[in-house]
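Participant: Following is a predicted model, sequence given first.
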Amino acid sequence: MKTLATLALILMGVIPMAGMAATRTVTLAVPGMTCPVCPVTIKKSLEKVAGVGDITPDLMRKTVTISYDDTKTQPAALMQATAAAGYPSSVQH
Ligand SMILES: [Cu+2]
């Protein structure tokens, strides 16, 4: 039963499998995010990028956390998308 439960978690994407396409998460710092409209604009720009999953903007922290398929896109493309919308961003470490 334990093996089955593990397999189920892998299929649900909870446990990423090594060597396969993985959903990664990156947090971008977006200094220009200053009013409640900004996160909406930023989210819209990121939704157009293929491979992007969940987008969670945080106006207070001026960040946006994005989950993405690393076989389809990379943080550089995500930063490019926000910059194109008028919001230059950088990977937050
Ligand atoms: Cu704004």
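Facilitator: Arrived safely, thanks for sending.
Participant: end to end, how far does stretch 31-38 reach?
Facilitator: This stretch, stretch 31-38, spans 11 Å end to end (Cα to Cα, to the nearest Å).
Participant: How about stretch 50-69?
Facilitator: Using Cα to Cα, the two ends of stretch 50-69 sit 9 Å apart.
Participant: Can you list the buried residues in it?
Facilitator: 51, 52, 55, 57, 59, 62, 63, 64, 66, 68 (16 or more other Cβ atoms under 10 Å). Placement of C-beta: from N, CA and C, glycine included.
Participant: Contacts for that stretch next, please.
Facilitator: 21-31, 33-36, 38-39, 42-43, 46-47, 49, 70-74, 78, 82, 89, 92 (Cβ atoms under 8 Å, 6 or more residues apart in numbering).
Participant: model confidence over that stretch, on average?
Facilitator: For stretch 50-69, the mean per-residue pLDDT is 98.
Participant: check whether it contacts the ion.
Facilitator: No. Judged by Cβ under 5 Å from the ion, stretch 50-69 stays clear of the ion, getting no closer than 8.7 Å.
Participant: Next, the residue most central in space within the chain: phi, psi?
Facilitator: The residue lying closest to the centre of the chain (Cα atoms, centre = their mean) is residue 66, at 1.4 Å. In terms of degrees, to the nearest 10, the main-chain angles of residue 66 are phi -130, psi 130.
Participant: So which of the buried residues of stretch 50-69 are in helices?
Facilitator: With helices defined by DSSP state H, no entry of those lies inside them.
Participant: Just the ones of these in strands?
Facilitator: 52, 55, 57, 63, 64, 66, 68 (DSSP state E).
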